[in-house]
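Participant: sequence and predicted structure are below.
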Amino acid sequence: QVQLVESGGGLVQAGGSLRLSCTASGRTFSSYAMGWFRQAPGKEREFVAAIDRSGDSTYYADSMKGRFTISRDNAKNTVYLQMNNLKPEDTAVYYCAADQKYTVVTLLTGSWGQGTQVTVSS
């Protein structure tokens, strides 16, 4: 099982940007599809974006398209989430997830990090 550690969260004003990072332990990072999810207080966990093992294929939730970009660097065992034009409704704890299958359902039940808080002020 892969161990994941997120970083890069913080407080930002509406319209600002943040880049989240998620670093994985182990030597098999490139065998995992990766994803980002988020959970706001009182809400269910929500899919944000996913990327396949090579980084050639990405998939986004409709509300994130055009504002968020997922990418990965297999040499650094790291997946990123670039978030631009942030809105107060983007406030949530952001989690990265890993699974060997590139589907939202399997990522949801795969390995998870501890999360990083993103707060967007209006």
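Facilitator: Received it, and whenever you're ready, just let me know what you need. Residues are numbered from 1 along each chain as shown.
Participant: now the strands for the chain?
Facilitator: 4-7, 10-13, 18-24, 33-39, 46-51, 58-60, 68-73, 78-83, 92-99, 111-112, 116-121 (DSSP state E).
Participant: among those strands, which gets the worst mean confidence?
Facilitator: Lowest mean pLDDT of these: strand 111-112, a mean of 93.
Participant: count of residues packed around residue 115?
Facilitator: 17 (other C-beta atoms under 10 Å). All C-beta spots, glycine's among them, are computed from the backbone N, C-alpha and C.
Participant: circling back to that earlier point, export the strands of the chain as a markdown table, with columns for distance to residue 105 and mean neighbour count.
Facilitator: Formatted as a markdown table, the strands of the chain follow (distance: least, C-beta to C-beta, whole Å; neighbours: other C-beta atoms under 10 Å):
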| stretch | distance to residue 105 | mean neighbour count |
| --- | --- | --- |
| strand 4-7 | 18 | 18 |
| strand 10-13 | 30 | 13 |
| strand 18-24 | 19 | 20 |
| strand 33-39 | 11 | 24 |
| strand 46-51 | 10 | 22 |
| strand 58-60 | 12 | 16 |
| strand 68-73 | 17 | 18 |
| strand 78-83 | 19 | 23 |
| strand 92-99 | 9 | 23 |
| strand 111-112 | 14 | 17 |
| strand 116-121 | 23 | 17 |
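Participant: okay, and the beta partners of residue 21?
Facilitator: residue 7, residue 80 (DSSP bridges).
Participant: close enough to count as contact, it and residue 4?
Facilitator: No - look at residue 21 against residue 4 with C-beta atoms under 8 Å: they stay out of range, at 10.5 Å.
Participant: how about residue 97, what does it touch?
Facilitator: 4, 34, 35, 36, 37, 107, 108, 110, 111, 112, 113 (C-beta atoms under 8 Å, 6 or more residues apart in numbering).
Participant: beta partners for it?
Facilitator: Here residue 97, judged by DSSP bridges, has bridge partners residue 35, residue 112.
Participant: what about it, distance to residue 18?
Facilitator: Going from residue 97 to residue 18 by C-beta to C-beta, to the nearest Å gives 19 Å.
Participant: what's the answer for residue 60, then?
Facilitator: On the measure of C-beta to C-beta, residue 60 and residue 18 end up 16 Å apart.
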